[in-house]
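> how would this look folded up:
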Amino acid sequence: MSTQRISDSLSQLFVSQNVVFWHDLGGEFASSIEGLALDGVQLVRLDEQPALRVKLKIESSPGQRWLLYSTQPEPEPTKPRFPISRNF
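Model prediction:
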C-alpha cells in the first residue's frame, strides 16, 4: 500500500475523529509513518512514550488531532469488575 493511499485514508478518518489508533501488528509501516502527509495531526508512537504521558498530552490539547501508532496488537476489552446497573 502506498503512503499516499494511507495518508488519504487517515485524512478521511480525521474528518470525524480527533484521535485515531493504528495498530500495525508486525510494524510493516513503522519506517514510513514519519513521512505521512497529515496536516495538523500529532503522531505519537505508543511504544516510545508512557501511556500516562500520552493521555495527559491529549487532555491538555482538546482541539488537536492525534494519530496513536503502535506495533503491538490491539488490547482485549476488559469486563467491568462490578455489574453495571441501568437503574439510576
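
> Output the lowest mean pLDDT helix or strand found in the protein.
In the chain, no helix or strand scores lower on mean pLDDT, DSSP states H and E than helix 3-16, which sits at a mean of 92.

> Could you pull out the strands in the protein for me?
19-23, 41-45, 65-70 (DSSP state E).

> Dump those strands to a markdown table, plus mean neighbour count and mean pLDDT.
Any C-beta I mention is one placed from the backbone N, CA and C, and that applies to glycine too. As requested, the strands of the chain are exported to a markdown table (neighbours: other C-beta atoms under 10 Å; pLDDT from 0 to 100):
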| stretch | mean neighbour count | mean pLDDT |
| --- | --- | --- |
| strand 19-23 | 14 | 95 |
| strand 41-45 | 16 | 95 |
| strand 65-70 | 19 | 96 |
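
> would you list those strands in JSON lines and tack on distance to residue 34?
Shown next, in JSON lines, are these (distance: least, C-beta to C-beta, whole Å):
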{"stretch": "strand 19-23", "distance to residue 34": "13"}
{"stretch": "strand 41-45", "distance to residue 34": "7"}
{"stretch": "strand 65-70", "distance to residue 34": "10"}
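
> Tell me the predicted confidence for residue 85.
Residue 85 carries a pLDDT score of 66 in this model.

> for residue 1, same thing?
68.

> circling back: identify each buried residue in the least confident helix or strand of the chain, please.
6, 7, 10, 14 (16 or more other C-beta atoms under 10 Å).

> who does it touch, helix- and strand-wise?
The contact analysis (3 or more C-beta pairs under 8 Å, 6 or more residues apart in numbering; DSSP states H and E) places helix 3-16 against strand 19-23.
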